[in-house]
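**Student:** Fold the following.
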Amino acid sequence: MSAAVAASVCVDEITSVEALEAFAAEWAELWERCPAATPFQHPAWLIPWWNCFGDQPGWTLWTLAARVEGRLAAVAPLFIHPGPDPSVRQVSPIGIANTDYVGPLLDPADDGGAVSAILAHLAAHAERWDVCDLEEIRDGDPLLSAPMPDGLRAESHPQSLCPVLALADDKDAFFAARSSWLRRNLRRGVRRLSDQAPLAFETADKESLSEFVDAFFRLHEKRWAAEGQDGLLQGELMRRFHRESSERLMDAGLLRLHGMRFDGRLAAIFHGLGGHGRVHAYLGGFEPGLGRDNPGTLIAGYAMEQAMAEGAREFDFLRGQEKYKYDWGAVDQRTHRIRILHADSPERAR
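**Tutor:** Residues are numbered from 1 along each chain as shown. Here you go, the predicted model:
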């Protein structure tokens with residue numbers, strides 16, 4: 001980064017919940033300018049995460065905002081916390097563990113000065129941390145190729161595979177291109193369920209949001225309990241997070257919460273996030289007793305129809321290589337993990 005560019009870039013630290021909330025509108029405006037950004041990088045997802053999970057011993061909010069000539073150009077929503085070895089001070093992205101794609105938000109119009117400034121800020125304050133661990137960074141993210149400033153070094157490794165399905169302008173052509181086995185299961189599931197009771201597919205709105213979120217918890221838990229597992233929505237904090245984030249995501253136009261109503265009751269749920277031409281399939285659930293009629297496939301098919309109706313080009317199944325994702329025709333995309341260390345990082349952090 002040249003001296004002239006460096007002089008025009010400043011990095012602000014956001015270290016309180018109040019400041020984070022006050023920053024949300026500017027952060028959301030930057031998100032709108034970033035066509036590669038996902039809803040997982042939006043304040044409607046990440047602020048509820050911090051609100052619900054950030055109040056833990058040793059956790060310190062450390063969001064970095066880089067401005068070029070006064071205009072916000074990058075946001076790195078970070079925090080400092082004890083690592084797996086509690087004596088190691090680790091920098092991680094807000095949203096770790098239950099969030100996909102947690103990389104920094106970078107304005108594509110920026111020439112690299114903003115990300116360089118954030119890395120330089122990390123280097124200038126290396127006495128606060130021992131390792132910076134950035135997970136689930138997508139292919140093509142500028143952070144993967146950004147040069148490290150003096151005093152820092154980065155290690156990058158492949159991390160997860162995310163099956164992604166290309167959508168089409170014509171939904172009929174899209175479904176006609178699926179396998180005969182999958183098309184048969186879709187037709188048979190609708191026919192069998194419709195023969196038993198009224199069947200309808202719906203999308204949550206503000207009036208029905210609470211019902212849909214309750215059904216999301218109930219059906220996800222029941223679906224996994226049928227296999228002797230707990231699922232991913234255990235605990236009051238996790239449920240509080242999803243209630244708050246669902247409200248904020250809906251207000252931001254990013255929530256894709258669909259349901260299959262069978263005999264008057266929600267019997268399958270698709271919880272997704274959408275924006276910038278992509279829909280991300282986050283979690284779902286269904287009544288296990290309907291399993292032979294493929295409710296998971298039916299609600300996924302409905303979610304794809306709705307995605308194509310809004311003009312989405314991709315349907316991202318997110319992390320995990322479950323067979324059903326490839327049955328739809330999804331193709332793997334890679335994420336990466338970047339670990340940044342400095343000269344004084346202790347050996348136990350390496």
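**Student:** Going by secondary structure, the residue lying farthest from the centre of the chain is in what exactly?
**Tutor:** Taking CA atoms, centre = their mean, the residue of the chain most remote from its mean C-alpha position is Asp195, at 37.5 Å. If you go by DSSP states H and E, Asp195 is part of helix 180-196.
**Student:** Sheet-wise, list the partners of the helix or strand following that helix with their directions.
**Tutor:** Using DSSP H and E, the helix or strand that follows helix 180-196 towards the C-terminus is strand 199-203. Partner strands for strand 199-203, per DSSP bridges, with pairing direction: strand 255-262 (antiparallel).
**Student:** buried stuff in the strand it pairs with?
**Tutor:** For strand 255-262, a neighbour-count test (16 or more other CB atoms under 10 Å) marks 255-262 as buried. C-beta coordinates here come from the backbone N, C-alpha and C atoms, glycine included.
**Student:** before we move on, what SS does the residue nearest the centre of the chain have?
**Tutor:** For the chain, the residue nearest the mean C-alpha position is Phe40 (3.3 Å; CA atoms, centre = their mean). Look at Phe40: counting by DSSP: H, G, I helix; E, B strand; the rest coil, its state is helix.
**Student:** Same check on Pro108?
**Tutor:** Once three-state DSSP is applied, Pro108 turns out coil.
**Student:** my guess is it meets Glu32, correct?
**Tutor:** No. Contact status for Pro108 versus Glu32: not in contact, 11.9 Å apart, counting by CB atoms under 8 Å.
**Student:** Work out for me the element the nearest residue to the residue nearest to the centre of the chain once chain neighbours are set aside sits within.
**Tutor:** Distance criterion CB to CB, 6 or more residues apart in numbering; nearest residue to Phe40, sequence neighbours excluded, is Tyr101 at 4.7 Å. In this structure, Tyr101 sits in neither a helix nor a strand according to DSSP H and E.
**Student:** ok, Tyr101 touching Trp45?
**Tutor:** No. Tyr101 sits out of contact with Trp45 when judged by CB under 8 Å, with a separation of 10.2 Å.
**Student:** Between those two, point out the one with more neighbours.
**Tutor:** Trp45 (27 against 24; other CB atoms under 10 Å).
**Student:** got a list of what the more buried one touches?
**Tutor:** 39, 95, 99, 245, 248-249, 254, 273 (CB atoms under 8 Å, 6 or more residues apart in numbering).
**Student:** could you redo the last one with a cut-off of 10 Å?
**Tutor:** Counting by CB atoms under 10 Å, 6 or more residues apart in numbering, Trp45 touches 38-39, 77, 94-95, 99, 102, 241, 244-246, 248-249, 252, 254-255, 273, 282.
**Student:** State the distance from the residue nearest to the centre of the chain to Cys132.
**Tutor:** Distance, Phe40 to Cys132, by CB to CB, to the nearest Å: 19 Å.
**Student:** repeat for Ala268
**Tutor:** Relative to Cys132, and taking CB to CB, Ala268 is found at 40 Å.
**Student:** the more surrounded of these two?
**Tutor:** Using other CB under 10 Å as the criterion, Ala268 and Cys132 rank with Ala268 on top: 28 against 25.
**Student:** Look up the pLDDT of the residue nearest to the centre of the chain for me, please.
**Tutor:** pLDDT for Phe40: 98.
**Student:** Now do the contacts for it.
**Tutor:** Applying CB under 10 Å, 6+ apart, the residues near Phe40 are 46, 49, 93, 95, 98-103, 136, 254, 273, 280, 282, 318.
**Student:** Low-confidence ranges, the chain, go.
**Tutor:** For the chain, residues meeting the criterion pLDDT under 70 lie at 1-7.
**Student:** Helices of that one, residue ranges please.
**Tutor:** Secondary structure of the chain (DSSP state H): helices at 3-8, 17-32, 43-53, 113-124, 171-176, 180-196, 209-225, 236-252, 295-309, 323-327.
**Student:** Pull the CA coordinates from the second one and hand them back as PDB.
**Tutor:** This points to helix 17-32. Only the C-alpha atoms of helix 17-32 are listed here, as PDB (Å, rounded to 0.1, in the frame of the first residue of the first chain):
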ATOM      1  CA  VAL A  17     -22.800  -3.400  21.500                       C
ATOM      2  CA  GLU A  18     -24.100   0.100  21.400                       C
ATOM      3  CA  ALA A  19     -21.500   1.200  18.900                       C
ATOM      4  CA  LEU A  20     -22.200  -1.900  16.800                       C
ATOM      5  CA  GLU A  21     -25.900  -1.200  16.700                       C
ATOM      6  CA  ALA A  22     -25.200   2.400  15.700                       C
ATOM      7  CA  PHE A  23     -22.900   1.200  13.000                       C
ATOM      8  CA  ALA A  24     -25.500  -1.300  11.600                       C
ATOM      9  CA  ALA A  25     -27.000   1.000   8.900                       C
ATOM     10  CA  GLU A  26     -23.700   2.000   7.400                       C
ATOM     11  CA  TRP A  27     -22.600  -1.700   7.500                       C
ATOM     12  CA  ALA A  28     -25.800  -2.800   5.700                       C
ATOM     13  CA  GLU A  29     -25.200  -0.100   3.100                       C
ATOM     14  CA  LEU A  30     -21.700  -1.500   2.400                       C
ATOM     15  CA  TRP A  31     -23.200  -5.000   2.200                       C
ATOM     16  CA  GLU A  32     -25.600  -3.800  -0.600                       C
END
